[in-house]
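K.L.:
What would the 3D arrangement of this be:
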Amino acid sequence: MSTLLTAPFKRQLLAAALSTCIALPAVAATDETDAPTNAELQQRIAELEKALDLRFNALADTLEQKESSSAKQVHIGGYGEMHYANLNTDGVEERELDFHRMVLFFGYDFNDRIRFVTEFEVEHLLVSAGSQGAVEIEQAYIEMDLKDNLKFRSGVMLMPIGIVNETHEPPTFYGVERPIIETTIIPSTWYSAGISLTHSLDNGVSYDIMLSEGLKTEDPTFDSSAEPFNLKAGKQKGSFADAFDLAVTARIAYRGITGLELAAYAQYQPDLDQSAEISYADSATLVGGHVKYQVGNITTTALYSRWDLAGEQAKAAEQDVQDGGYVEMSWRADQAWGIFGRHSVWSQTTDQSATQSDVGINYYPHPDVVFKADYQIQNEDAGNSDGFHLGMGYQF
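P.N.:
Numbering: from 1, shown residues only. So this is what the prediction gives:
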């Protein structure tokens, strides 16, 4: 019951009502002998109290229903992570502490079938001139249920590609840093403005189709230092994005067996320079897939992704094929502890053969709080950076 309708409050109203009820008959009966008896007054009091109780309870129920409905309409969440790196790169020591990101999630349900979703992110804690920080809105879309298990979205959305691009809260993956294949070959975190359809079938199959802004890579026409085939640098992030050549993305996934997830995805970029007057790049196609399989406390994960860039310019730059993959095995000893090992191989130029191996441990004092430690070893093509990371992360 609402806190406004407390017992003292009800007694005050009851006393006022009784005073009125008693005063009026008293005036009328001043010169008469038929004044109400004590028994009649007590009966009137009891009836009035009962009527007030019924009205109070009905009002309280109405207020509680409104409060409950309002609370269900608004959703708040978030996540964040802090990293410490102690690395040696070709004999140069690096020791860095960084609160990598803090993200707040806000959602609002207009009704049972239309909702709004948004994520607000601050990276590297400080956003000012000369700092490396950034403020970004990674998601901001309207989602509508067209029918059971069929959803339409419009706005800024995460690409349905890879594993961590859509699910990257720190407690959900091993290692302080995200898997390197999913930050190089798949340029996570990758979001774009557009529209999408998601359909989940009863047999465990689901598919996504998305039409969005495409990449626009750096233009070397007027800048000799530009990298026209650096795909990660080509993300437009829905901000005044050139949309001459839209990208089409599709994914199909299967989760019909307990512990198993299979997914395949593809994206077509018609023109990486967005129909620039002086063309410097052509189309690009991404294909990839992954499998995750958990048996008991052991989970095996494998992912592969490949870009094929058309055109003589990409071939001359020896960047027409960019691909990579990783294999990971993890063991969750109990609710609090988990260990993992991961090996990654990738190439972004013809003569590159980069590798990185990671081993580490996650500690969960709470299912939504994690402390991490890992050790990495890279070969020369990957950067020859060896050392360890420590991290803290949370979600709510």
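
K.L.:
The stretch 151-300 of the chain: helices as residue ranges?
P.N.:
When secondary structure is read from DSSP state H, counting those that start in this stretch, the stretch 151-300 of the chain shows helices at 181-184.

K.L.:
in whatever helix or strand Asp61 lives in, what counts as buried?
P.N.:
With elements delineated by DSSP states H and E, Asp61 resides in helix 38-73, which encompasses its position. Along helix 38-73, the positions that meet the burial threshold by neighbour count (16 or more other Cβ atoms under 10 Å) are Phe56. Quick note: C-beta positions are derived from backbone N, CA and C, even for glycine.

K.L.:
Ok, stretch 155-170 next?
P.N.:
Using 16+ other Cβ under 10 Å, the residues of stretch 155-170 that count as buried are 155-166, 168-170.

K.L.:
swap in stretch 335-351?
P.N.:
Counting neighbours by 16+ other Cβ under 10 Å, one finds that the buried residues in stretch 335-351 are Gly338, Phe340, Arg342, Ser344, Val345, Trp346, Ser347, Gln348.

K.L.:
I'd like to know which of those residues are part of helices.
P.N.:
Within these, membership in helices is found for no residue, as judged by DSSP state H.

K.L.:
which of these lies closest to Pro187?
P.N.:
Closest to Pro187 out of those is Gln348 (11.3 Å), distances taken as Cβ to Cβ.

K.L.:
Outline the domain layout of this structure.
P.N.:
With domains defined by automatic domain parsing, the chain comprises 7-65, 66-395.

K.L.:
could I get these as a markdown table with mean pLDDT?
P.N.:
Below are those laid out as a markdown table (pLDDT from 0 to 100):
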| stretch | mean pLDDT |
| --- | --- |
| domain 7-65 | 63 |
| domain 66-395 | 96 |
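
K.L.:
Out of those, indicate the one that is most buried.
P.N.:
Among those, domain 66-395 has the highest mean neighbour count (mean count of other Cβ atoms under 10 Å), at a mean of 17.

K.L.:
Could you work out the end-to-end span of stretch 165-183 for me?
P.N.:
9 Å (Cα to Cα, to the nearest Å).

K.L.:
swap in stretch 191-210?
P.N.:
Its first and final residues considered, stretch 191-210 spans 11 Å by Cα to Cα.

K.L.:
Show me how far it is from its chain's centre.
P.N.:
Taking Cα atoms, centre = their mean, to the nearest Å, one finds stretch 191-210 lying 16 Å from the centre of the chain it belongs to.

K.L.:
What segments of the stretch 51-200 of the chain are strands?
P.N.:
Taking DSSP state E, counting those that start in this stretch to define them, one finds strands in the stretch 51-200 of the chain at 74-89, 92-109, 114-123, 134-147, 150-158, 191-200.

K.L.:
Output those strands as JSON lines; include the columns distance to Gly387.
P.N.:
Listed next are the strands of the stretch 51-200 of the chain as JSON lines, based on distance: least, Cβ to Cβ, whole Å:
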{"stretch": "strand 74-89", "distance to Gly387": "4"}
{"stretch": "strand 92-109", "distance to Gly387": "7"}
{"stretch": "strand 114-123", "distance to Gly387": "22"}
{"stretch": "strand 134-147", "distance to Gly387": "25"}
{"stretch": "strand 150-158", "distance to Gly387": "30"}
{"stretch": "strand 191-200", "distance to Gly387": "30"}
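
K.L.:
Excluding chain neighbours, what is closest to Glu94?
P.N.:
Across the structure, with Cβ to Cβ, 6 or more residues apart in numbering as the measure, the residue nearest Glu94 apart from its sequence neighbours is Leu87 (4.5 Å).

K.L.:
ok, now how distant is the one you found from Asp381?
P.N.:
Leu87 sits 17 Å away from Asp381, taking Cβ to Cβ, to the nearest Å as the criterion.

K.L.:
Please identify which of the strands of the stretch 51-200 of the chain is closest to Ser279.
P.N.:
Once these are compared by Cβ to Cβ, strand 191-200 is nearest, at 22.2 Å.

K.L.:
which residues are contacting the closest one?
P.N.:
Here strand 191-200 makes contact (Cβ atoms under 8 Å, 6 or more residues apart in numbering) with 138-139, 149-160, 206-213, 235-238, 241, 246-247.

K.L.:
That strand to strand 134-147, inter-axis angle?
P.N.:
Between strand 191-200 and strand 134-147, the angle formed by their directions is 30 degrees, by axes from the mean of the first three to the mean of the last three Cα atoms, to 10 degrees.

K.L.:
before we move on, back to that, wait, the residue nearest to Glu94 touches Gly387, no?
P.N.:
Yes - in terms of Cβ atoms under 8 Å, Leu87 counts as a neighbour of Gly387; the distance is 3.5 Å.

K.L.:
Centre of the chain to stretch 257-265, how far?
P.N.:
Relative to the centre of its chain, stretch 257-265 is centred 20 Å away, using Cα atoms, centre = their mean.
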